Structure formats: C-alpha cells, structure tokens
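Peer 1: Prediction below, plus the sequence it came from.
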Amino acid sequence: MPHLHLSDGDLWWEECGEGPPLMMVAGLGGVGGYWNPNIPAFASRYRVIRHDQRGTGKSSRTRVASIEQMAADAAALIDHLGLRDVAWLGHSTGGAIGVSLALDYPGRIGRLIINSSTSCGDAYRRKLFSVRRLLHSRVGPEAYAAFTSLLLYPPWWINQNAALLETEEARAAASLGAPEVQESRLDAILAFDRRSELKRLDIPTLVICAKDDLLTPSYFSKELASLIPNAKLDLLETGGHACSRTMMDVFNKTVLDFLSEHSAFAAG
C-alpha cells in the first residue's frame, strides 16, 4: 500500500481511474473510504486520489495541530504525485482542508467543491462536539460511531439502511484514533476560521449541502457561498450531513456537471 513519508508520520493514499486528477477528501472521520459508494461514478471520468488524514485509518495516528497542518499534508501529497490544478471534492472537514489548501498553496487546486462544511466553529458546534468528546472518552469508540450515524443521516435513510449502518459503525470505530487524537481533530475544525480571506479565492467553487444537515447546518454553506467570489450554492431538500451517500445520484450529477462545466479552467 502506498504511503507518503512526512517528517512526523506516514500518510496513506490510493488512486483509481484515469483522466484529470480529482482528490476526494473525507470529513472528520478522515478516511478516504468514506467515498467508496461514489467512486464508480467518478473513477470512470477522473484519476481519483484519496488519502487517510493524519490521526485516522492507515495513516499515522498522530495528533492534529490544525486544519492548516492537514492542508500542508495534502499539498505534500499533490507535490509528491507531480500534480497541479487538481479538482478537490471535500466533505465537511475535507472542505475546510480544501479552503486552506487553496488559500495557502496557490496552483494546487483548480476547482473546489465544498460539501457540507463550515465557515467557523460556533456555539452550536461546540456543544455538539462536547457530547462527542464525552462519548468517545468515557463510553468508547462504538458509542461515538453510533452517535455519528445520527448526525450523518436523516431518519428515513437510517430506517432503510439499518443493517448496513451496523457494519459501517464497526468500521468507523476501528478507524478512529485514541480519544486524545480524535479530540485534536475536533479542536482543529472548531478553531478553523478563514472567513476574512475567502475573498482571495479565485477558482471555480461549488458549495453543496442538504437543508436538513444537523452536523454542519446549511447556514454555514450559505455564508461560504456569499464570501467566496462567484461561488455556486446548491442546497438539496434532504439528505442530511452525508447527502453524498443518501442522495447519491443527485449529488454525483451535480458535482460531475460542475466539474465538466469548468474543465477548461482546470486544463488551462
């Protein structure tokens, strides 16, 4: 399995498909496998690159200092692969990493899709994360993963996929770092706030979120779209935080149409 050796750990990555490069980046769970259901639709047109973020999955289970640190990891991976102007599809925390990467490492990203992400840490998110911390540290990763399912998926989808969720929760619990590692990831996303700099983003940007997202309510996406020049905002009627899975056909088409519309920019 390919690993990128960093100064303070290893970053696991993989790729599939052929075509222009597309990085698909997970949220707080951090593992590239989050995108498994979507891969067939994207790998048929793009060279899809995924990685497990530091602290998760097959990468080194080290603490995270900041979103900017994880953006530096991603920039190192892009440079390692000899790429420029990659398309970036980031879910939740992955969207924040993409914003940081675009701001701090010009030329690495040519198109940016921010999926169900945040503009800052607010009182609502801090209260929600305090519950997640308690579950992980005092009850265990299984409880953390079960609670995460309630935050990711709307009730109608949970009812239709109960058996699948049991398997997913077991896998998610195994991918988590120790409580102190996961808490560092929670702290990193809560501290992230680049709103005053978003006007500097000059790449085609799509912001997509579901109206019934409990984990990153759509007011964050509305703010991001209002602050990023010429950003396109697409709000799905339902789908929850994991609308890329629960509304997969609609989500895939929306993202693929956006990438196709701006393909000349990425090639140029």
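Peer 2: Nice, I can see it.
Peer 1: so what's K222 up against?
Peer 2: If a contact means C-beta atoms under 8 Å, 6 or more residues apart in numbering, then K222 has 233, 235 as its contacts. In short, each C-beta sits where N, CA and C put it, glycine included.
Peer 1: Skipping adjacent residues, who's closest to L227 in space?
Peer 2: In space, and not counting its chain neighbours, L227 is closest to L198: 4.1 Å by C-beta to C-beta, 6 or more residues apart in numbering.
Peer 1: In this structure that neighbour contacts N230, no?
Peer 2: No - using C-beta atoms under 8 Å, L198 is not in contact with N230, being 11.6 Å away.
Peer 1: Pick out whichever of the two has more residues nearby.
Peer 2: Neighbours of L198 and N230, each counted by other C-beta atoms under 10 Å, are more numerous for L198; the result is 20 against 10.
Peer 1: So that one belongs to a helix, correct?
Peer 2: Yes - assessed by DSSP: H, G, I helix; E, B strand; the rest coil, L198 belongs to a helix.
Peer 1: residues contacting it?
Peer 2: Counted by C-beta under 8 Å, 6+ apart, L198 has contacts 99, 224, 227-228.
Peer 1: at 10 Å instead, please
Peer 2: 99, 102-103, 119, 205, 223-229, 231 (C-beta atoms under 10 Å, 6 or more residues apart in numbering).
Peer 1: just the strands in the protein please.
Peer 2: Ranges of strands within the chain are 3-6, 9-16, 21-25, 47-51, 86-91, 109-115, 205-210, 232-236, based on DSSP state E.
Peer 1: on contacts alone, who are the packing partners of the shortest one?
Peer 2: It stands for strand 3-6. Applying 3 or more C-beta pairs under 10 Å, 6 or more residues apart in numbering; DSSP states H and E, one finds that strand 3-6 makes contact with strand 9-16, helix 67-80.
Peer 1: can you list residues touching both of L198 and N230?
Peer 2: Joint contacts of L198 and N230 (C-beta under 10 Å, 6+ apart) are T205.
Peer 1: shouldn't D122 be in contact with A191?
Peer 2: No - between D122 and A191 there is no contact under C-beta atoms under 10 Å: 12.0 Å.
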